[in-house]
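# Fold the following, please.
(one chain, ligands or ions: 1)
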Amino acid sequence: MLAHATDDGDFTLSQRDFELIASIAKEQAGIVIRAHKMAMIRGRLLRRLRALHLRSVTEYCELLRGPDADRELPQLLNVLTTNHTAFFRERHHFDHMRSHALPEIYARSTRGDGRVRIWCAASSTGEEPYTLAATVVASQPPRNLDVKILATDIDTDVLARAEAAEYSREVYERSPPDLKGQLQAESVGHDTVRIGANLRKLLTFRQLNLVTPWPMKGPFDAVMCRNVMIYFDAPTKKSIVDRCVDILRPGGWLYLGHSESLSPPHPAFELIGRTVYRRR
Ligand SMILES: C[S@@+](CC[C@H](N)C(=O)[O-])C[C@H]1O[C@@H](n2cnc3c(N)ncnc32)[C@H](O)[C@@H]1O
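Model (predicted):
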């Protein structure tokens, strides 16, 4: 039990309530929450307690066990997800994309259907898909190609922030100095920037839970699915990677996070570079 009672309420998280939250995270989003994360989970639940004016974690868990649970679930998942991200995070992927993947994709598309489709599968607050858009624009795709980037996440709060395309200047300034110009950011007031319209127009944001059936058929030329599978167990990861095979074109690229390499190797993917895979 993690106890924290104050005059404002009883924020104790009992083992039973922790188990309820962990089972919802696993069932609804595939997210595995281990016991050592109990303090972090309690902190996150406090956000929901405050929003709902509840005075104890137990009261909140009663809500989750009751008939109104379905209405609360999306909000619960929003606080349970970890959304850390950055512009040009793991920049070697964008370097690879610009120098290797995109030129090949444009050549294939020019000879074929004229479409280029990229999926950013856990887009969080948008830094990653805008970095993808910046990389595409900087690579000067042939004008006649129809280039689109789909950005999805389970968390509706981060999707709304991503769609707004506005970032604090501090977040923007953390981008690599030699690359941040590619974001074509404009000032909005003193402390905020907005990602350039040329980049924004390439993107579509949608809510998508990676562990439920995917509504889109593809085929995609590239999928970026980074720093999300670390939260899943091995069977869930395998099922997502298997579905990436189906949704990618032959020769399509899969980019995973730095600690998410395919182990054991997947027969449908060839390892090309640091957590960069190519569909055979
Ligand atoms: C740590 S962030 C990674 C963001 C970005 N891909 C990056 O590498 O910078 C993980 C993201 O995965 C999302 N996520 C977690 N479980 C998910 C699920 N089942 N389906 C879709 N997105 C999920 C979270 O909401 C969060 O925004």
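
# Tell me which residues of stretch 203-218 come out buried.
In terms of neighbour count (16 or more other CB atoms under 10 Å), stretch 203-218 has its buried residues at Leu203, Phe205, Leu208, Leu210, Trp214, Gly218. Glycine gets a C-beta too; all of them are placed from N, C-alpha and C.

# Return the closest of these with respect to the ligand.
Among the buried residues of stretch 203-218, Leu210 lies closest to the ligand (CB to the nearest ligand atom), at 3.6 Å.

# Let's have the buried residues of stretch 203-218 in TSV, adding secondary structure.
Output for these, formatted as TSV (DSSP: H, G, I helix; E, B strand; the rest coil):
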residue	secondary structure
Leu203	strand
Phe205	strand
Leu208	coil
Leu210	coil
Trp214	coil
Gly218	coil
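
# any idea which element the closest residue in space to Glu104 that isn't next to it in sequence lies in?
Nearest residue to Glu104, sequence neighbours excluded (CB to CB, 6 or more residues apart in numbering): Gly251, at 7.6 Å. Secondary structure assigned from DSSP states H and E places Gly251 in strand 248-256.

# Report whether that strand contacts the ligand.
No. Using CB under 6 Å from any ligand atom, strand 248-256 stays clear of the ligand, coming no nearer than 9.5 Å.

# Contacts made by that strand with the rest, please.
Strand 248-256 is contacted by residues 93, 96-97, 101, 104, 108, 218-226, 229, 241, 244, 262, 269, 272, 275-280 when judged by CB atoms under 8 Å, 6 or more residues apart in numbering.

# Which of the residues you listed fall within strands?
Under the assignment DSSP state E, these contribute Phe220, Asp221, Ala222, Val223, Met224, Cys225, Phe269, Ile272, Val276, Tyr277, Arg278, Arg279 to strands.

# Between those, which sits nearest Asp68?
Nearest to Asp68, judged by CB to CB, of those is Cys225 at 33.0 Å.

# For the closest one, the count of nearby residues, please.
21 (other CB atoms under 10 Å).

# Glu170 versus the closest residue to it other than its chain neighbours, what's the distance?
Spatial nearest neighbour of Cys225, excluding adjacent residues (CB to CB, 6+ apart): Ala121 at 4.1 Å. Per CB to CB, to the nearest Å, Ala121 is found 27 Å from Glu170.

# So which of the two has more stuff around it?
Using other CB under 10 Å as the criterion, Ala121 and Glu170 rank with Ala121 on top: 25 against 9.

# Could you measure from that one over to Ala29?
Counting by CB to CB, the gap from Ala121 to Ala29 is 13 Å.

# and if you look at Ser123?
Ser123 sits 15 Å away from Ala29, going by CB to CB.

# Could you check which of these two has the larger neighbour count?
Ser123 (30 against 23).

# which parts of this protein sit against the ligand?
By CB under 6 Å from any ligand atom, the residues of the chain that approach the ligand are 29-31, 81-85, 89, 122, 124, 128, 153-155, 158, 209-211, 226-228, 231, 257.

# any weak-confidence spans in the stretch 101-250 of the chain?
For the stretch 101-250 of the chain, no stretch has pLDDT under 70.

# Which parts of it are helices?
Using DSSP state H, counting those that start in this stretch, the helices found in the stretch 101-250 of the chain span residues 102-111, 127-138, 156-164, 169-173, 197-200, 234-247.

# just checking, which of the ones you listed sits deepest inside the structure?
Scoring these by mean neighbour count under mean count of other CB atoms under 10 Å gives helix 127-138 as the most buried, with a mean of 25.

# now for that one, which elements pack on it?
helix 91-96, strand 115-120, strand 146-153, helix 197-200, strand 203-207 (3 or more CB pairs under 8 Å, 6 or more residues apart in numbering; DSSP states H and E).

# Could you dump the ones you listed into a markdown table with distance to Ser56 added?
Output for the helices and strands packed on helix 127-138, formatted as a markdown table (distance: least, CB to CB, whole Å):
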| stretch | distance to Ser56 |
| --- | --- |
| helix 91-96 | 44 |
| strand 115-120 | 39 |
| strand 146-153 | 30 |
| helix 197-200 | 43 |
| strand 203-207 | 30 |
